[in-house]
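> can't give you the sequence, but here's the structure:
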């Protein structure tokens, strides 16, 4: 086994490893050349946790995605017919993208690219930054071979972001936003020549050509980051925040609220469902200082879908029922709090942690994340195995009862130790007795 394959598998969760092998098997049967690329390779080589798997195939990528979905039960969340790519979510919660190896040519800055099939080497040479232009072969005859035509591995080791092309920011101005986001997330500096290219592109005002839907997509990605406050601050310092909304750039981005939001998201589990649910609470915190009219203008300008807009603007209303339940006097036991919060919508939980002024709501939510959830996660497989066998319809009920007993049991009382009598005083020295 290649060292890189070993490193990859050690960085993946069990669910992601299952996805890796399912996609490899499907590509092998279809006789397609398959590669792992993009953010997955960058994060692996930087020693970071891999969030999503990015596959590139020299062949019919959408056909492969449908085959994988049929055999694994995955859902195709979205498709891009232009770039021949598909986003998949698997029953385990793991996510992956399967895309065609391609070349993109831009007739004008910020315009729609002309996409054509290409080899993996051509695909890598047409990417945004060198750290994203690395691939790992997953083919039987070359499995584990690292493809790094632009020396991106060295840039990762130097912790630098270097543009692939001198014209990259003119072709796709949204890379200006991506450069800021990746710089904050990875803690990488911008390479000197790339910084000069950014300055030239900004002087030409290429950022004004970023399409609204790409601005909206970038803002959603910022909301899923662990350091959203830092990214928004970096965008403001770069003079790019006004692209999303002039009102935000006028010192209305609610930096203190975003810092609070970042602390809250670190309390929650880092999984696909919870990360996707950050959009509404993030936008609520970001735009808390804006008027209702300014919020509607932002949603319209960024071409948010109705679902995305409701996830944000209706969040406070949707969270009222959960707030009422959490403050109810009948909720006394830890198991009741655990059951209530574990089945609640993650965006509502985040919103209440951020915005609720009610002490019972805050206390119970924090107790869930700081005490009850860790206690359940500490239950060992051997302890789960002690559950009596039950019908499938009763298994979930049995697990809930087991958790309730674990959370509600009282710790054993420590025996009260009897008071220890004080030691007798030391004997009086002989010479002192004679003096008396």
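Nice, I can see it. None of the values given here were measured: they were computed from a predicted structure. Numbers count the residues shown, from 1 in each chain.
> Residue ranges in this protein under the pLDDT threshold?
1-2, 109-110, 390-393, 410-420, 426-436 (pLDDT under 70).
> what domains does the record give for it?
Taking automatic domain parsing as the reference, the chain has its domains at 1-158, 212-313, 320-381.
> Tell me if I'm right that residue 67 and residue 25 touch.
No: Residue 67 is not in contact with residue 25 according to CB atoms under 8 Å; the separation is 9.9 Å. (C-beta placed from N, C-alpha, C; glycine too.)
> okay, these two: which has more neighbours?
residue 67 (20 against 14; other CB atoms under 10 Å).
> What residues does that one make contact with?
Contact analysis of residue 67 by CB atoms under 8 Å, 6 or more residues apart in numbering lists 26, 30.
> Can you tell me the SS state at it?
Following DSSP: H, G, I helix; E, B strand; the rest coil, residue 67 is assigned to helix.
> these two touch, right, residue 112 and residue 82?
Yes: Residue 112 lies in contact with residue 82 (CB under 8 Å); the separation is 7.3 Å.
> For residue 422, what is the enclosing helix or strand?
Counting by DSSP states H and E, no helix or strand carries residue 422.
> And for the one 3 residues further on?
In this structure, residue 425 sits in neither a helix nor a strand according to DSSP H and E.
> Which parts of the stretch 151-300 of the chain are helices?
152-158, 168-171, 175-186, 192-203, 212-223, 228-237, 246-249, 255-265, 272-276, 279-286, 292-301 (DSSP state H, counting those that start in this stretch).
> Out of those, which is closest to residue 360?
helix 255-265 (17.7 Å; CB to CB).
> Which positions in that closest one come out as buried?
Residues of helix 255-265 classed as buried: 255, 257, 258, 259, 261, 262, 264, 265 (neighbour count, 16 or more other CB atoms under 10 Å).
> between these, which is closest to residue 224?
Comparing these against residue 224 with CB to CB places residue 265 closest, at 9.2 Å.
> quick one on the thing from earlier: of all the helices of the stretch 151-300 of the chain, which one comes closest to residue 76?
Short answer: helix 272-276, nearest of the helices of the stretch 151-300 of the chain by CB to CB, at 15.0 Å.
> picking that back up, with respect to burial, which of the helices of the stretch 151-300 of the chain scores highest?
Scoring these by mean neighbour count under mean count of other CB atoms under 10 Å gives helix 279-286 as the most buried, with a mean of 26.
> How far off centre is that helix?
Computed by CA atoms, centre = their mean, to the nearest Å, the chain-centroid distance of helix 279-286 equals 15 Å.
> Same check on stretch 248-268?
On CA atoms, centre = their mean, the centre of stretch 248-268 falls 16 Å from that of its chain.
> ok, now stretch 151-165?
23 Å.
> what's in contact with that stretch?
42, 45-46, 125-134, 146, 150, 169, 171, 175, 179, 182-183, 186-191, 193-194, 197.
> run the last query once more with 7 Å
Stretch 151-165 has contacts (CB atoms under 7 Å, 6 or more residues apart in numbering) with 42, 45-46, 125, 127-131, 133-134, 150, 179, 182-183, 187-191, 194, 197.
> again, but for stretch 200-218
Counting by CB under 7 Å, 6+ apart, residues outside stretch 200-218 touching it are 109-110, 169-170, 173-174, 176-177, 240, 243-244, 301-304.
> could you redo the last one with a cut-off of 6 Å?
With contacts defined as CB atoms under 6 Å, 6 or more residues apart in numbering, stretch 200-218 is touched by 109-110, 169-170, 173-174, 176-177, 243-244, 301-304.
> Look up phi and psi at residue 142.
In this entry, residue 142 is assigned phi and psi values of phi -140, psi 30 (degrees, to the nearest 10).
> What's the local residue count around it?
So residue 142, with other CB under 10 Å, has 13 neighbours.
> gap between it and residue 34?
11 Å (CB to CB, to the nearest Å).
> how about the buried residues of helix 255-265 in JSON lines, adding distance to residue 318?
As requested, the buried residues of helix 255-265 are exported to JSON lines (distance: CB to CB, whole Å):
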{"residue": "255", "distance to residue 318": "26"}
{"residue": "257", "distance to residue 318": "19"}
{"residue": "258", "distance to residue 318": "21"}
{"residue": "259", "distance to residue 318": "24"}
{"residue": "261", "distance to residue 318": "18"}
{"residue": "262", "distance to residue 318": "22"}
{"residue": "264", "distance to residue 318": "17"}
{"residue": "265", "distance to residue 318": "19"}
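> Name the nearest of the residues you listed relative to residue 53.
The closest of those, once distances to residue 53 are taken by CB to CB, is residue 265, at 22.3 Å.
> Please report how far that closest one lies from residue 386.
Residue 265 is 35 Å from residue 386, by CB to CB.
> now do residue 316
From residue 316 to residue 386 the distance is 43 Å (CB to CB).
> Among the two, which residue is more densely surrounded?
Using other CB under 10 Å as the criterion, residue 316 and residue 386 rank with residue 316 on top: 15 against 8.
> Spell out the secondary structure type for that one.
helix.
> Against residue 220, how distant is residue 270?
17 Å.
> and residue 318, how many neighbours?
15.
> which phi and psi does residue 290 have?
Per degrees, to the nearest 10, the backbone of residue 290 is at phi -80, psi 150.
> cool, residue 141 as well?
Per degrees, to the nearest 10, the backbone of residue 141 is at phi -80, psi -20.
> residues near it, how many?
Look at residue 141: counted by other CB under 10 Å, it has 7 neighbours.
> With residue 173 instead?
With other CB under 10 Å as criterion, residue 173 counts 23.
> OK, contacts around it?
110, 206, 207, 209, 210.
> Relative to residue 245, how far out is it?
From residue 173 to residue 245 the distance is 18 Å (CB to CB).
> repeat for residue 405
In terms of CB to CB, residue 405 sits 51 Å off from residue 245.
> what about the two, which has more around it?
residue 245 (23 against 10).
> Pretty sure that one sits against residue 298.
Yes: shown here, residue 245 and residue 298 form a contact pair, counting by CB atoms under 6 Å, at 4.6 Å.
> With that, I have no additional questions.
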